[in-house]
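In: This is a predicted model, with the sequence first.
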Amino acid sequence: MSPTVEITPEIVKEHGLKPDEYERILKILGRQPNLTELGVYSVMWSEHCGYKHSKEVLRKFTTQGDKVLQGPGENAGIMDIGEGWAVAFKVESHNHPSAVEPYQGAATGVGGILRDIFTMGARPIANLNSLRFGPLALPKVKHLFTGVVKGIADYGNCMGIPTVAGEVVFDETYTDNCLVNAMSVGLVRHEHIIRGKASGVGNAVIYIGATTGRDGIHGATFASTEISDESQEKRSAVQVADPFMEKLLMEATLELIQGDLLVGIQDMGAAGLTCSTCEMASRGGAGIEIDVAKVPQREGGMTPYEILLSESQERMLLVAKPGCEQKVHDVLAKWDLHAATIGKVTDTGLMVVKEKGKTVVEVPAQSLTEPPIYHPAKSEPAILKKHREFDEASIAVPKDLTAVLLRLLADPTIASKRWVYRQYDHMVRTNTYVRPGSDAAVVRVKGTALGLAMTIDGNGAYCALDPYEGGKIAVAEAARNIACSGAEPLGMTDCLNYGSPEKPEVFYMFERSVSGVADASAFLKIPVTGGNVSLYNESPQGAIDPTPIVGMIGLFKDVQKRVTQWFKKDGDVIYLLGAVGDSIGASRYLHLVHGQKTGLCPRLVLDTERKLHRLLIESAQAGLLQSAHDCSEGGLAVALAESCFSGLSHEEGMKGAKVSLPGLGRLDGRLFGEAQSRAVVSCDPGKAAQFEAAAAKLGVPLEKLGSVGGDELQIGDAVKLSVREAADLFNNAIEKIMA
Amino acid sequence: MVWHVNVYVTLKPSVMDPQGATVQRALGQMGYDKVSQVRLGKFTQMEFDSSLAESEVKKQADEICDKLLANPNIESYRFTVEKK
Amino acid sequence: MVWHVNVYVTLKPSVMDPQGATVQRALGQMGYDKVSQVRLGKFTQMEFDSSLAESEVKKQADEICDKLLANPNIESYRFTVEKK
Amino acid sequence: MKFSVVVFPGSNCDHDCETTLRDVMGQKVEMVWHKDTDLKGPDCVIVPGGFSYGDYLRTGAIARFSPVMKSVADFAAKGGLVMGICNGFQILCEAGLLPGALLRNRSLQFICQEIYLRLEQEKTPFTNAGKAGQVLKIPIAHGEGNYFIDAEGLKKLKDGGQVVVRYCDEKGVVGPESNPNGSLDNIAGICNEARNVFGLMPHPDRSAEGALGSADGKVFWQSLLNAGVKA
Ligand SMILES: Nc1ncnc2c1ncn2[C@@H]1O[C@H](COP(=O)(O)OP(=O)(O)O)[C@@H](O)[C@H]1O
Ligand SMILES: [Mg+2]
């Protein structure tokens, strides 16, 4: 092909390609690319699509397991849950778009992850999200928080998919880089699982969904460059969400797949038509040929470059089985969907794009999905040593610890997220057995005894102080939440949010924390079936705290065995499971009350963690537990307070408790320290002996703290408060700030 | 006598309008097939105290549109001011 | 040349306007205390095929407003038609 | 008893109504696609919740023009039982089968939570299994449930005993504190003069199983079964 535009180093740079990357393109093609081809390589080789800096590190993950039906490499991971059913799940970030346009950015993020799920043939049954913002007092943060939550709510609600769980953290490190990680979970019969590959020479390639416009062009490369004021100019990258179109797409797609009409199907997410065509071809080891003139367009005069790189939302690409083309069009017509046959599968291994018959792109499909892999330099930040050696004795123990507890309960990071989840329809589809407000959400599988527990967790502060322990804790905490609900951890997906990998200190944190995630997942035998990487979360103030987020699925053979986190009846015995400890290192308490984000990150012993999970799961199965709640931010005191009043989230009222404060050493550490592998549980007195025996048998340390009753929470002689007052504080903290 | 400010907020031309497109499809099905394009926007009426000078009303109205009524990422606006 | 139809839909005065009220409260907090009243409505732009006679465009536009764009129980509408 | 559930593009709770009626209440259920005009001979038509046409333009505004709605109107005119839940209520109002309209929630936020309802009328085919004054725990999930009707319309509703359910607190006290969305007079559901068409914002389809939080919504389903038997 004769290049129409001369490709200068400037043009290469504008496309975010490094000189050696351009050299590589020249070698692959044996000629100069034209501008359109350059654009195609630039998006496919961007960090967002190409994982240039992260692929090596991701190899650390254990992605195998006897229940894994589909690991990383497809739109979503899939695991067997029995009775012919499988669960598909994945998390994805939409950080940069949400920072520019919170409502549309978050909404299209949910749309993208939902497509990843139903593209596999699975019907989405639940959404989750993990959010990070700056301090909520800042007007700018309120604006982001409001827009992001409304965007997630409007999209999921309109689609009729319950948003059942999530987490929100407010911390200075995210002030200029909010994080929006959306996760979706779907159910699929084994026989309906389908993949994103193109095969069968001559099979029709069909485009469905919204028309293609100029919106979001270079959205993918945009997500791989640091946010600077000039991304304010990149407003063309703002895409508008159309959940109604997506609902039609979802229903039509599932009807096509269940009707056995398709060879393969792929959503158009990042890098749009480019990504979907070459990914499908290279997964199928085939070639693909399309004509952009046949693509339904929203605006006149679009160039092949624009059509290929457009990131208009709510679009899919599918390959029909031979002879099924008409049937496919009939189904699409029923749902009033745009559909156009834009090309066919070939055996050339080439991605060929024509415009009215004239070839405008001709490149090896595989080469687009095999970008250069980098092994960036890394160096340990000196500050880590300082954190480890922080002297806790320099912090005086406050007099009034009840006041401290109340302050923690009103901290937006710890306080109830009711303001958020009340905007999410978390009940639609009538499967939500445990709604937001307990450690893990529980969703039943209709027509079976099965149930799924789900949660999403991460702690950037831990990772900032000790990336390896922090990475392990992210996995352990998610698994602990699943175990507290009584379910067996099944599999996980991860979203890795970091600054620029080209900074050695950032890359060190990235690699170390991913090692922690990988080691914990391997030890606990919870395979990683997919995930997403978001790098370049940077602002003039520097990189965000390293923030690996873990989304996890747990399985109930019998969903009736589920356990919730709040106390149930007066007289029940309250236990602390796990070690006691009095360190305040890395705690939310130290950060919030003493303004210091430092200290020794809690150590996590994986075998201790595993034993705790065994005890929680086996006692739940044996019906020994009335409630179980893990100790996380705010430590034992916050876990006890939440166990007293979080029943309110399910209109189940609240309970008081009178307990002793175990352990030795500083009171604030014993109350608010964040030692790992711990949970607060309650048992009917009649079952206490049996439970204590089970704990002894598994070697899980256990402290009998006291019993449920009254309308006050009393912890030793350190804390005494009215549960009603604490609950009001906890439940209205965010409302108050947002009012 | 008060200042009547009418604000018209519309999506920027390049921005897709799912609602407009859906309404247009519905109109087609209802038999109104000569409608070639539909765009939905917002129409806001505000009243300002007559004590303000016209220039001040215009200044405030412009700020209000920019900060509150329109989303500069995807929308543009215009407004009219009249005393009656 | 096509027919440009601009439709203005507003809530009837008797109908309370939660959005308008909220905007007005927000304006107060932002210091715009000279705004005495805010009402939110819809602004719809439609294009009709130029082959239609003006009278026909008006007739169809009126039907469309009455049936679809406005809910006569709570809203009233007006529209303008111009060829350009 | 035989139910037909109407399915619009964007309906979501069609699924919830289907499984609740079939699996929990043990009734026959037919799904009717909005482009069809044959209601499949039901004893009762359910217009389910969701976001028909994405709720674009105005909730229910586009759905009411679907071919099926003409059949629903005819069915109602002949005295057939029609119940609209959430978006279904909004559609019935837009279609003129019920008076009034549903505006944005006062808070401008979508609200999903369990609330309390007071049964005001037991003399309808939809509530005959309950007792006037009875308090029900039942979820709402909507962004536009703020019921409005003009003064004389409201008077007609009250005089005709057409206000069927109102928002209240745990103890059955109706007041501003127990009004989740700003609805006029805490109105959560109404019926037509003939008492054969009923619409409400809360979700009986989501509250027929204790495991989901409450089974109080069964009152409405049980009432329909009673009415069906009588019919
Ligand atoms: N952090 C990660 N851990 C495991 N797998 C990952 C991770 N990040 C990406 N992947 C896998 O790489 C593939 C490409 O990721 P992505 O581009 O996010 O998929 P999609 O294009 O469907 O959004 C997916 O199969 C995803 O599961
Ligand atoms: Mg995908």
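Out: Yep, that arrived. Ligands and ions are numbered 1, 2, ... in the order given.
In: The worst-scoring helix or strand of chain D on mean pLDDT packs against which elements?
Out: The weakest-scoring helix or strand in chain D, judged by mean pLDDT, DSSP states H and E, is helix D:218-230 (a mean of 92). Under the contact definition 3 or more Cβ pairs under 8 Å, 6 or more residues apart in numbering or on different chains; DSSP states H and E, helix D:218-230 sits against strand D:81-85. No exception for glycine: its C-beta is placed from N, CA and C like everyone else's.
In: does chain B sit close to the helix or strand following the strand it packs on?
Out: Under the assignment DSSP states H and E, the closest C-terminal helix or strand after strand D:81-85 is helix D:87-94. No - figure legend: helix D:87-94 not in contact with chain B (Cβ under 8 Å from any Cβ of the partner chain); closest approach 12.7 Å.
In: what about the nearest residue to A:L261 once chain neighbours are set aside, neighbour count?
Out: Spatially, and ignoring its direct neighbours in sequence, A:L261 is nearest to A:C324 (4.3 Å; Cβ to Cβ, 6 or more residues apart in numbering or on different chains). The tally of other residues near A:C324 (other Cβ atoms under 10 Å in any protein chain shown) stands at 19.
In: I'd like the distance between A:C324 and ligand 1.
Out: For A:C324, the distance to ligand 1 (Cβ to the nearest ligand atom, to the nearest Å) stands at 25 Å.
In: Pull out the buried residues from the least confident helix or strand of chain D.
Out: The neighbour-count check on helix D:218-230 (16 or more other Cβ atoms under 10 Å in any protein chain shown) flags D:218-225, D:227-228 as buried.
In: cool, and stretch D:161-170?
Out: For stretch D:161-170, by 16+ other Cβ under 10 Å, it's D:162-168.
In: quick one on the thing from earlier: so which of the buried residues of helix D:218-230 reach ligand 1?
Out: Restricting the buried residues of helix D:218-230 to those within reach of ligand 1 (Cβ under 6 Å from any ligand atom) leaves nothing.
In: Provide the contact partners of the least confident helix or strand of chain D at residue level.
Out: With contact meaning Cβ atoms under 8 Å, 6 or more residues apart in numbering or on different chains, helix D:218-230 is reached by D:1, D:20-21, D:24-25, D:27, D:43-44, D:81, D:83, D:119, D:124-130, D:134, D:136, D:204, D:207-208.
In: again, only using 6 Å
Out: D:1, D:25, D:43-44, D:125-130, D:204, D:208 (Cβ atoms under 6 Å, 6 or more residues apart in numbering or on different chains).
In: and the buried residues of helix D:218-230 as CSV, adding distance to ligand 2?
Out: Formatted as CSV, the buried residues of helix D:218-230 follow (distance: Cβ to the ion, whole Å):
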residue, distance to ligand 2
D:K218, 42
D:V219, 45
D:F220, 42
D:W221, 41
D:Q222, 46
D:S223, 47
D:L224, 44
D:L225, 46
D:A227, 49
D:G228, 47
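In: What is the nearest of those to B:A70?
Out: D:F220 (43.6 Å; Cβ to Cβ).
In: roughly how far apart are whatever residue of the stretch 201-350 of chain A ends up closest to ligand 1 and ligand 2?
Out: Of all residues in the stretch 201-350 of chain A, A:G269 sits closest to ligand 1, at 5.1 Å by Cβ to the nearest ligand atom. Distance, A:G269 to ligand 2, using Cβ to the ion, to the nearest Å: 5 Å.
In: tell me the phi and psi of the nearest residue to that residue once chain neighbours are set aside?
Out: Spatial nearest neighbour of A:G269, excluding adjacent residues (Cβ to Cβ, 6+ apart): A:G112 at 4.9 Å. Main-chain torsions, A:G112, degrees, to the nearest 10: phi -70, psi -50.
In: do B:Q45 as well
Out: Per degrees, to the nearest 10, the backbone of B:Q45 is at phi -110, psi 130.
In: List the contacts of it.
Out: B:6, C:39.
In: ok, now A:A204?
Out: A:A204 neighbours (Cβ under 6 Å, 6+ apart): A:320, A:325, A:341.
In: which residues does A:L698 contact?
Out: Contacts for A:L698 were tallied using Cβ under 6 Å, 6+ apart; they are A:611, A:614-615.
In: again, 10 Å this time
Out: A:610-616, A:618-619 (Cβ atoms under 10 Å, 6 or more residues apart in numbering or on different chains).
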